[in-house]
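# Prediction below, plus the sequence it came from.
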Amino acid sequence: MQLNLNTKLVENYTSVSQKIRVLTEDWVDNSVYCPNCGHLKIDNYPNNKPVADFYCTHCKEDYELKSKKHSLGLKIVDGAYSTMIDRLQSSNNPSFFFLNYDLPNYSVRNFLVIPKHFFIPAIIEKRKPLAPTARRAGWIGCNILLNSIPQAGKIFYVKNGLTIPKERVLSEWQKTLFLRAEKKITAKGWLLDVMRCVEKLNKTDFTLDEVYTFEQELQKLHPENKHIKDKIRQQLQVLRDKGYLDFTARGRYSLT
């Protein structure tokens, strides 16, 4: 995968933001394959498409691109809060491409996709309304909280300047597709929270008691639930049934 941006496209541009938009969109259009089906090329939607920036002509998966000069960090600035929340509940909500570029060298430093089934209202942060003196006074934007998304939902094509093999990208995408079948936001939220807790253990093999150590954290996230340990066991069983985990012995699990 070529990581250098085609600067010849912007020789007559003066605005840095316009340059970056043209360069990053061109790179994705010409370099990125579809993580859902592996099709070698995705295509641009016409400008100002309200739902997404790119789509796969083979499987019809939609993608929106967000680019950032500095490291991706803990959150990504997005558009209107109300629009984002509405989109999360629609059938045509896109997956997100995140591109981190090195401006001095005009190259791609990091590029990842977050599948749409990882997006729930809990990872969307409402920003403060714009001041009365602003041109769009009262407008409310939002941030995407990357730190609230399990690592399994951050699928890298390029990480720290190194290209990840295509087979690994496609495998990681397929591993969590079972989440799309869960239509209830609260149920999906529980699965994602338990997945994140398991990842925090930072080990392939773990015990039920180790996951229980997150009881207080999960209680804060789900204050309406008075049976957190029961819910943890239930979610681990779902993850096992979906092939995300293996049950190796009584009270013991391993990541597949």
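Yep, it's here.
# Surely Lys66 is in contact with Phe97?
Yes. The pair Lys66 / Phe97 is scored as a contact, 7.0 Å apart, by CB atoms under 8 Å. All C-beta spots, glycine's among them, are computed from the backbone N, C-alpha and C.
# Looking only at neighbour counts, state which of the two leads.
Taking other CB atoms under 10 Å, Lys66 and Phe97 do not tie; Phe97 has more neighbours (23 against 17).
# now that one, which residues is it bridged with?
Beta-bridge partners recorded for Phe97 (DSSP bridges): Leu65, Val113.
# ok, it - contacts?
28, 32, 53-54, 63-66, 111-113 (CB atoms under 8 Å, 6 or more residues apart in numbering).
# how near is it to Ile120?
19 Å (CB to CB, to the nearest Å).
# what do you get for Ser148?
Counting by CB to CB, the gap from Ser148 to Ile120 is 9 Å.
# Then His70?
26 Å.
# Which stretches in the stretch 151-256 of the chain count as helices?
Using DSSP state H, counting those that start in this stretch, the helices found in the stretch 151-256 of the chain span residues 166-175, 185-200, 208-212, 215-221, 228-241.
# now the longest one and helix 228-241, what's the angle there?
Taking axes from the mean of the first three to the mean of the last three CA atoms, to 10 degrees, one finds that helix 185-200 is oriented at 80 degrees with respect to helix 228-241.
# Can you tell me what sits against helix 185-200?
88-89, 117-118, 120-122, 148-153, 179, 182, 206, 211, 214, 217-218, 221-222, 231-232, 235-236, 238-239, 244-245, 253, 255.
# Filter these down to the buried ones and hand me the PyMOL line.
In PyMOL syntax, the buried subset of these is picked out as below (16 or more other CB atoms under 10 Å):
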select buried, resi 117+118+120+122+148+149+150+152+153+179+182+206+211+214+218+231+232+235+236+238+239+244+245+253+255
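# I'd say Ser71 and Asp102 touch.
No. Ser71 lies out of contact with Asp102 (CB under 8 Å); the separation is 10.9 Å.
# Nearest residue to the residue positioned nearest the centre of the chain in space, please, no chain neighbours.
For the chain, the residue nearest the mean C-alpha position is Ile114 (2.5 Å; CA atoms, centre = their mean). In this structure, Ile114 finds its nearest non-sequential neighbour in Phe96, 4.8 Å apart by CB to CB, 6 or more residues apart in numbering.
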